[in-house]
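*Asks:* following is a predicted model, sequence given first.
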Amino acid sequence: MRRKLVIGNWKMNGNRAANAALLAGIVSGLKDVNDRADCAVCVPAPYLAQCEQELNATAVAWGGQDLSIHASGAYTGEVAASMLTDFGSKYVLVGHSERRAYHGETNELVAQKAVVALAAGLVPVICVGETLEDREAGNTETVICAQLQAALEVIPAEQLSNVVLAYEPVWAIGTGKTATPQMAQEAHYFLRGCVARKSEQVAARIQILYGGSMKPDNAVELLAQADIDGGLIGGAALKAADFLAIIHA
Ligand SMILES: O=C(CO)COP(=O)(O)O
């Protein structure tokens, strides 16, 4: 039985005061679900220190939203894996569709980022997902398979069990349009099958999160699907009550 995992992706939102209130709200509302679900927030890098301070010794883990493939050096604006772990991060998102779309991240670069994250002891949350154009052209499986395959090819088999996958259809992100539970389940089942080609054992255990307009009112049905092991939450992760409602779902 796979544990559920709910991760809040704050994207480029927040400030010290709002974060403090949000984190305190999450921590105080979480007390009774720890044995059934894990939860984390992936925050803008400047707020990792605040997470370390406010979430230390709580059930809420934290992490970054991206990382550099380089260890250190002349890479202005980038954040190294060791900097994420320096502030106690457990997770890091890699290949979020916003990184792919606005920063030209390729499947190969995303795969490399996952490898670098694993080497640093971080759990990479590898995000895949098709655009509306892909879906309408019937290319959903081809696209998400290629995105995943690039990572599967370079991640050492023994590290694969430390990876989390997230299926985030691009057309569902921030649009209020959620994939139907059936559509999401189909994609998750397909992705698990792709992992099984590398390792059936890992495929049975790997957590695959759904992301894309997951809200308190659709979370129950999505999370009830056999291959949906949790959520990667954008907008609804910015309100403690909504985020908690999804975790409780
Ligand atoms: O991109 C997402 C999480 O990474 C999803 O964002 P929304 O929940 O705002 O649609």
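*Replies:* Received, thanks. On a predicted model such as this, the values are computed, not experimentally measured, just so you know.
*Asks:* any idea how far Gly14 lies from the ligand?
*Replies:* Gly14 sits at a distance of 14 Å from the ligand (criterion: CB to the nearest ligand atom, to the nearest Å). No exception for glycine: its C-beta is placed from N, CA and C like everyone else's.
*Asks:* check Glu54 too.
*Replies:* Taking CB to the nearest ligand atom as the measure, Glu54 and the ligand are separated by 22 Å.
*Asks:* can you give me the strands in this structure?
*Replies:* For the chain, applying DSSP state E gives strands covering 4-9, 37-42, 60-64, 91-94, 123-128, 164-167, 207-211, 230-233.
*Asks:* what is the neighbour count of Leu118?
*Replies:* 20 (other CB atoms under 10 Å).
*Asks:* sorry, that was for Ala150
*Replies:* By other CB under 10 Å, neighbour count at Ala150 equals 21.
*Asks:* returning to that earlier point: in a markdown table, list the strands of the chain along with mean neighbour count and distance to the ligand.
*Replies:* A markdown table is the format used below for the strands of the chain (neighbours: other CB atoms under 10 Å; distance: least, CB to the nearest ligand atom, whole Å):
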| stretch | mean neighbour count | distance to the ligand |
| --- | --- | --- |
| strand 4-9 | 25 | 4 |
| strand 37-42 | 24 | 8 |
| strand 60-64 | 23 | 12 |
| strand 91-94 | 26 | 7 |
| strand 123-128 | 26 | 7 |
| strand 164-167 | 26 | 7 |
| strand 207-211 | 25 | 4 |
| strand 230-233 | 28 | 4 |
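*Asks:* and these: which comes nearest Val195?
*Replies:* Proximity to Val195 (CB to CB) singles out strand 164-167 among the strands of the chain, at 7.7 Å.
*Asks:* and for that closest one, what's in contact with it?
*Replies:* 5, 7, 91, 93, 123-129, 144, 148, 184, 187-188, 191, 195, 206-211, 232 (CB atoms under 8 Å, 6 or more residues apart in numbering).
*Asks:* swap in stretch 240-249?
*Replies:* Stretch 240-249 is contacted from outside by 6, 8, 21-22, 24-26, 29-30, 33, 37, 39, 214-216, 219-220, 223, 231, 233, 236-237, using CB under 8 Å, 6+ apart.
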